[in-house]
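S.K.: The sequence isn't on hand, but the structure is:
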């Protein structure tokens, strides 16, 4: 039986499903990783089990073909909101709406707002998520419909807007509060450099428009780590939780999971100092009047903006001094606006950052905003709850100071982190409690190379190696330059370790050949003098690698001692590398425990 025949034959069943509201709703959390909390839930509707409409795609496709899409989505939306309120959850709720429904004559404007008022749910907690775009929809008309919802206090999220120019045009016209990053870009992101470029561009564009990015389909820790590095704001996927019909019953387990995830990904204070920017200004309750807020600004002469929070202390908006003056500073301003609650006049999508967020990420969020928003204050939170306000001028000053300090400690040739940052990175990797690989790299025959060809060419060789190491570096890795021809590379995992190290050596050999005269390359070496001043033939410089594989929770007290014992072994190996697994037996606790499992490749 064809799909059309099935749809036609089952249309009465679809009508009865809509009339009887036989819709099952599951809720999947959207989480704030750095805060270790649930930010929102997305409502996912489906038809009764055992019917052709048990899965969402056939259900909504049949409704669209039967001209019942507006009716179906209305039932789904009401069911989702009622069940969510009954669950007693206080987060935001994302509900899916097809864009063509907003333009459908059968769609009754105002029903959703009336439903929220009846259930006592604040409008800012509902997010209208536009999930598809049918061909032929005028983006200008669509933008007008969306602005109507925004005027009623709803937030807007964009997801899967279709392909091509129309989707981008709609995105640019409606300035959504949230943009969802499709699972296609998330899947395998950590191993796909092209995807990472796309994702960084999408995040930069979204932040530039004042939107926050939600990454969908996060299933692996490596994907999460990469997304955190690229600056996504919120995350959704099976790594955290599957959709559930009763999310409140699963909440204690989910909260514990998120606390563990936040602890694993929280950065040390050596690289995170955003909490130093926090000014603890008392926030404004949502019910506070504009007149009372004006008095608060009078009592806080140095405050540019104040946060607006709900009953749980969660920031829901920001009110600026400029906005207050625009309302009450004109004639009859107090009479017109003084009694209005600040929730009606606030900016509902403030830039919120956790106190543990890296400075560089906050800087990217601030500088990627529209020019008129770049100087606006941001909200500092802890565990998602309001902690204080941060000013951009202080952020820029702190970043400048940090960069100056980093520059003092960087290698003057390669500008890579030097001794002190390397020691800090080793401490940081050790404290995380996860396994990692500590690699020591240096160049064989580098001194005679310098003596024979000069220090200028030697510096070019070091810069070539530094560039190659940087290109192979993954988001969670660390690269440092101890000095001379000695480098340290810390790898977050040992996946494909031997192939990765071999590839690095091969690429360095190619770079070395590009720098040297053809006759030297053809001879595979050069004539020089050894340390005793005697003439000798030396092979081309080669990267020797001593890799120490460390299990979770077990690290040596002195990495230098371990590397010093491995370096001669690596140099003697035909391929110039050695991988050693650190001892894991419980009886091998001393610093001089013998290194085992040498694996020349």
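M.R.: Thanks, I have the structure now. Note that the coordinates shown come from a computational prediction; the quantities given were computed from them, not determined experimentally.
S.K.: contacting residues around residue 90?
M.R.: 125, 310, 312, 314 (CB atoms under 8 Å, 6 or more residues apart in numbering). Backbone N, C-alpha and C define where each C-beta goes, glycine included.
S.K.: Three-state assignment for it, please.
M.R.: coil (DSSP: H, G, I helix; E, B strand; the rest coil).
S.K.: just to revisit the earlier point, neighbour count and pLDDT added to the contacts of residue 90, as CSV?
M.R.: Output for the contacts of residue 90, formatted as CSV (neighbours: other CB atoms under 10 Å; pLDDT from 0 to 100):
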residue, neighbour count, pLDDT
125, 21, 91
310, 19, 90
312, 11, 86
314, 19, 89
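S.K.: Pull the most distant pair out of the residues you listed.
M.R.: By the measure CB to CB, 125 and 312 form the most distant pair in those, at 11.4 Å.
S.K.: What are the boundaries of the helices in the stretch 201-350 of the chain?
M.R.: 221-230, 247-265, 290-299, 321-328, 333-337 (DSSP state H, counting those that start in this stretch).
S.K.: Need the winner for burial among those helices.
M.R.: Most buried of these by mean neighbour count (mean count of other CB atoms under 10 Å) is helix 221-230; its value is a mean of 21.
S.K.: what mean pLDDT does that helix have?
M.R.: The pLDDT scores in helix 221-230 average 86.
S.K.: Then stretch 508-521?
M.R.: Stretch 508-521 comes out at a mean pLDDT of 93.
S.K.: what about it, how long is it end to end?
M.R.: 13 Å (CA to CA, to the nearest Å).
S.K.: Need the residues that contact that stretch.
M.R.: Stretch 508-521 is contacted from outside by 453, 457, 460, 461, 464, 465, 468, 526, 540, 541, 542, 543, using CB under 8 Å, 6+ apart.
S.K.: change it to 6 Å
M.R.: 460, 464, 465, 468, 526, 540, 541, 543 (CB atoms under 6 Å, 6 or more residues apart in numbering).
S.K.: just stretch 182-192 next, same as before
M.R.: 195, 198, 199, 215, 216, 217, 218, 222, 223, 226.
S.K.: The residues you listed: which two are farthest apart?
M.R.: Longest span within the contacts of stretch 182-192, CB to CB: 198 and 222, 17.3 Å.
S.K.: Can you pull out the low-pLDDT segments for the chain?
M.R.: For the chain, the stretches flagged by pLDDT under 70 are 1-12, 105-109, 132-137, 160-167, 265-273, 401-409, 584-601.
S.K.: got the domain boundaries for it?
M.R.: Following automatic domain parsing, the chain resolves into domains at 3-176+236-265, 274-399, 410-581.
S.K.: For the chain, identify the residue most remote from the centre.
M.R.: residue 534 (56.9 Å; CA atoms, centre = their mean).
S.K.: partner residues bridging residue 28?
M.R.: Per DSSP bridges, the residues bridged to residue 28 are residue 42.
S.K.: So it sits against residue 243, correct?
M.R.: Yes - between residue 28 and residue 243 there is a contact under CB atoms under 6 Å: 4.2 Å.
S.K.: Mind checking which of the two has more residues around it?
M.R.: The neighbour comparison of residue 28 against residue 243 (other CB atoms under 10 Å) goes to residue 28, with 21 against 16.
S.K.: Touching, residue 368 and residue 209? I think so.
M.R.: No - using CB under 6 Å as the test, residue 368 is too far from residue 209 to be in contact (8.9 Å).
S.K.: list residues touching both of those two?
M.R.: Contacts common to residue 368 and residue 209, judged by CB under 6 Å, 6+ apart, are absent.
S.K.: With distance to residue 289 as added columns, please give the contacts of residue 90 in a markdown table.
M.R.: Listed next are the contacts of residue 90 as a markdown table, based on distance: CB to CB, whole Å:
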| residue | distance to residue 289 |
| --- | --- |
| 125 | 21 |
| 310 | 17 |
| 312 | 21 |
| 314 | 21 |
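S.K.: So which of these are in strands?
M.R.: Judged by DSSP state E, the contacts of residue 90 include no members of strands.
S.K.: Name the nearest of the residues you listed relative to residue 324.
M.R.: For the contacts of residue 90, the nearest to residue 324 is residue 310 (20.1 Å; CB to CB).
S.K.: can you tell me how far the closest one sits from residue 464?
M.R.: 55 Å (CB to CB, to the nearest Å).
S.K.: What of residue 202?
M.R.: 32 Å.
S.K.: and what of residue 128?
M.R.: Distance, residue 128 to residue 464, using CB to CB: 52 Å.
S.K.: can you map out the helices along the stretch 451-600 of the chain?
M.R.: Here the stretch 451-600 of the chain has its helices, by DSSP H, counting those that start in this stretch, at 455-472, 497-515, 518-523, 559-572.
S.K.: returning to that earlier point: and the gap between the residue farthest from the centre of the chain and residue 449?
M.R.: 16 Å.
S.K.: returning to that earlier point: ok, which pair from the contacts of stretch 508-521 is furthest apart?
M.R.: Farthest apart among the contacts of stretch 508-521 - using CB to CB - are 468 and 526, which lie 21.4 Å from each other.
S.K.: Which one's more surrounded, these two?
M.R.: residue 526 (21 against 18).
S.K.: Could you check how far that one is from residue 513?
M.R.: 12 Å.
S.K.: if we can go back for a sec, I'd like the domains of the chain written out as a markdown table, with distance to residue 185 added.
M.R.: Converted to a markdown table, those look like this (distance: least, CB to CB, whole Å):
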| stretch | distance to residue 185 |
| --- | --- |
| domain 3-176+236-265 | 12 |
| domain 274-399 | 18 |
| domain 410-581 | 15 |
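S.K.: Contact partners for the closest residue to residue 333 other than its chain neighbours?
M.R.: Of all residues not flanking residue 333 in the chain, residue 327 sits nearest, at 5.7 Å (CB to CB, 6 or more residues apart in numbering). By CB under 6 Å, 6+ apart, the residues touching residue 327 are 290, 333, 337.
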